[in-house]
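Undergrad: build the 3D model from these lines:
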Amino acid sequence: MSKPQRHVFVCNQNRPAEHPRGSCAAKGSSAVLQAFWAELQKRQAYEKIAVTYSGCLGPCEKGPNVLVYPEAVLYSGVAPSDVEEIFNSHLEGGTPVARLLAPATVW
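TA: Sure thing, here's the model as predicted:
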């Protein structure tokens with residue numbers, strides 16, 4: 001495997017339902033992760049993009065959260081339906097999706 005141009009981390013943190021911070025898993029991050037893997041496979045972009053699940057990325061109340069390196073761009077409130085746009089605009093086009101960017105107060 002060659003060094004990827006971009007690395008996507010999808011928070012898959014799970015906490016008990018009564019936890020005050022909540023969790024990305026409770027907000028559907030598993031479906032987001034599956035959508036990233038499906039899009040990666042559809043595009044056969046394995047040499048350019050890596051997708052990995054991760055633990056907590058920080059702003060749990062705004063999840064599901066997705067972090068893209070090397071730019072250190074944090075997306076919040078990501079839904080499976082957003083994944084194709086993130087691929088087109090950011091991962092392949094180099095332009096982050098502004099409407100999904102985590103607020104400056106948390107990132």
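Undergrad: helices of this protein, residue ranges please.
TA: 29-43, 83-86 (DSSP state H).
Undergrad: how about these, which one is nearest V106?
TA: Comparing these against V106 with C-beta to C-beta, the closest turns out to be helix 29-43 (16.6 Å). Where you see a C-beta, it was placed from the backbone N, CA and C, and this is true even at glycine.
Undergrad: quick one: list the elements packing against the closest one.
TA: Helices and strands touching helix 29-43, by 3 or more C-beta pairs under 8 Å, 6 or more residues apart in numbering; DSSP states H and E, are strand 6-11, strand 49-54, helix 83-86.
Undergrad: before we move on, the earlier item: could the helices of the chain go into JSON lines alongside mean neighbour count?
TA: Below are the helices of the chain laid out as JSON lines (neighbours: other C-beta atoms under 10 Å):
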{"stretch": "helix 29-43", "mean neighbour count": "18"}
{"stretch": "helix 83-86", "mean neighbour count": "19"}
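Undergrad: got a list of what the residue nearest to the spatial centre of the chain touches?
TA: The centroid of the chain falls nearest to V66 when counting by C-alpha atoms, centre = their mean (2.3 Å). With contacts defined as C-beta atoms under 8 Å, 6 or more residues apart in numbering, the neighbours of V66 are V8, F9, V10, C11, V32, F36, L57, L74, Y75, V78, I86.
Undergrad: rerun that using 7 Å as the cut-off
TA: Applying C-beta atoms under 7 Å, 6 or more residues apart in numbering, we find V66 in contact with V8, F9, V10, V32, Y75, V78.
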